[in-house]
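A.B. asks: Sequence first, predicted coordinates after that:
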Amino acid sequence: MTRTALAIDLGGTELRAALVTESGEAVAIAATPTDARSGPEAVIAQMVGLVGKVRAEAPDARPIGLGVGAPGPLDPKAGIVVDAPTLAGWQNVPLVEILSERLGLAVKLENDANAAALGEWRFGAGQGTQSMVFVTVSTGIGGGVIVDGNLLHGRRGLAGEIGHMAVSDQPVRCACGATGCWEALASGTALAREAAQRVRSGGAPALAALAGDAPVTARHVGEAARAGDADALGLIDTEARWLGIGLTNLLHLYSPERLILGGGVGSLLPLMQATIGQTIRERAMPAFRDVPVVATALGSRAGLVGAASLML
C-alpha cells in the first residue's frame, strides 16, 4: 500500500478518525459523537477506539504516524491542549504524549482550523498558492493562514484567531466574552440568532414553518434561501455583508492569493458571492480587490486530510 498516516479531527460535537494516503485520499473513516462533557480521559479513550476501527479497515497499512487537529488554544510544539472551551476539563492536557504512549505511534498536534487550512493548501482549493487564508464559518468562525509557504503559528501557536477580530462596536456578546467580534456577527450562531428574532416578530413564516417547534438554525435559513424565500435571502445578504467586512480585513492583513471559505455557512457561498464581492470592492484597497473568494474543495474532510499531512 502507498504511504499513509492516521488522522484525528477532534470536535466538540463529533470525533472523527481516518487513514489518509500521501495523495490526500481518505481510504478509511470512522466517527462518533464526542463525549465532550466527560473529561479528557473519556475522549482520549474514544480516540484510541476510533483509531483501532480505522486500522482494522485497512489491516495491511503501516501508517507512519498520527496527526491530530483539535480546538485551541493549544501549543503545537509542546503537544498540549491549553484550554479547549468546547471540551469539559481540557486544560493543559499533554495530548501528544498520551496518544503516543497508548498507540505506539509518532503523534503531532495542530489547531483544527490550521489543520484544515493545510489540507486545502496541499490537496484542495489552495493548491498552487504560496499565501492563502482558509476561513471556516459554522457554529463559530475559525481559520488558518499560510504565508510564504508556511503555516502562521505566532506566539504559542495562537495566531489566526480570525473569528475574534473586532469588526463592530455593536454590543453583541461573543462566546469569548468580548463584544463586536466577527464571530459574534457572522457565524452560524449569529445567523440563527437573527433568524430567530425575525421569526419571533412574525416576519419569516417560511422559516417558522421549517423549524416547527424546534429552534431556528442557520441550516433552516440556508434551506429556505435555496428555495428562494425572500426573508431567508435577506438574512443571507446581511450575513454576506458581515463576511465581506471580515474578509476585507484578512486581505489587508495577510495579502493572500486566495480566500477559501468552508464550514456549514461557508457552503452557502453561491448565494453570498455577489454581496461578499461587492463589500470587498467597497472596502478593500484597489490592490486587494481581485483576490478570489472560493469554496473549499475538500469540504468536511479538510481537517482530517490536513491533520494527516502533518505526518506526511
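C.D. replies: Sure, I can see it.

A.B. asks: Is residue 117 in contact with residue 144, as I believe?
C.D. replies: Yes - judged on CB atoms under 8 Å, residue 117 makes contact with residue 144 at a distance of 2.5 Å. All C-beta spots, glycine's among them, are computed from the backbone N, C-alpha and C.

A.B. asks: list the residues that contact both of those two?
C.D. replies: Listed contacts common to residue 117 and residue 144 are 133-134, 151; contacts here mean CB atoms under 8 Å, 6 or more residues apart in numbering.

A.B. asks: so which of the residues you listed comes closest to residue 48?
C.D. replies: residue 151 (26.9 Å; CB to CB).

A.B. asks: Please read off the pLDDT at the closest one from the model.
C.D. replies: As predicted, residue 151 sits at a pLDDT of 93.

A.B. asks: helix/strand/coil for the nearest residue to it once chain neighbours are set aside?
C.D. replies: Of all residues not flanking residue 151 in the chain, residue 114 sits nearest, at 5.8 Å (CB to CB, 6 or more residues apart in numbering). Under DSSP: H, G, I helix; E, B strand; the rest coil, residue 114 falls in the helix class.

A.B. asks: need the contact list for residue 114.
C.D. replies: With CB under 8 Å, 6+ apart, residue 114 has these contacts: 69, 76, 144, 151, 153, 160, 306.

A.B. asks: what about residue 90, distance to residue 81?
C.D. replies: 5 Å (CB to CB, to the nearest Å).

A.B. asks: These two - which one has more neighbours?
C.D. replies: Using other CB atoms under 10 Å, the more surrounded residue of residue 90 and residue 81 is residue 81, with 25 against 22.

A.B. asks: next helix or strand past the helix or strand encompassing the more buried one?
C.D. replies: In this assignment (DSSP states H and E), residue 81 forms part of strand 80-83. Once strand 80-83 ends, the next helix or strand along the chain (criterion: DSSP H and E) is strand 91-93.

A.B. asks: And that next one, what's buried?
C.D. replies: residue 93 (16 or more other CB atoms under 10 Å).

A.B. asks: do stretch 232-251 as well
C.D. replies: Quick answer for stretch 232-251 (16+ other CB under 10 Å): 232, 234-236, 239-251.

A.B. asks: How far away from the center of its chain is stretch 189-201?
C.D. replies: From the chain centre to the centre of stretch 189-201 is a distance of 22 Å (CA atoms, centre = their mean, to the nearest Å).

A.B. asks: Name the residues that touch that stretch?
C.D. replies: Contacts of stretch 189-201 (CB under 8 Å, 6+ apart): 139-140, 172, 175, 183-184, 204, 207-208, 211, 215-218, 220-221, 231-232, 235-236, 238-239, 242, 265.

A.B. asks: Just the buried residues from the residues you listed, in ChimeraX please.
C.D. replies: In ChimeraX, a selection of the buried entries from the contacts of stretch 189-201 looks like this (16+ other CB under 10 Å):
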select :139,140,175,183,184,204,207,208,211,216,217,218,220,221,231,232,235,236,239,242,265
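
A.B. asks: Next, check the contacts of stretch 189-201 against the helices and list the overlap.
C.D. replies: 183-184, 207-208, 211, 218, 220-221, 231-232, 235-236, 238-239, 242, 265 (DSSP state H).

A.B. asks: ok so, going back, TSV for the contacts of residue 114, including secondary structure, distance to residue 110 and neighbour count?
C.D. replies: Listed next are the contacts of residue 114 as TSV, based on DSSP: H, G, I helix; E, B strand; the rest coil; distance: CB to CB, whole Å; neighbours: other CB atoms under 10 Å:
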residue	secondary structure	distance to residue 110	neighbour count
69	strand	6	31
76	coil	5	21
144	strand	9	32
151	strand	8	21
153	coil	9	17
160	coil	11	25
306	helix	7	33
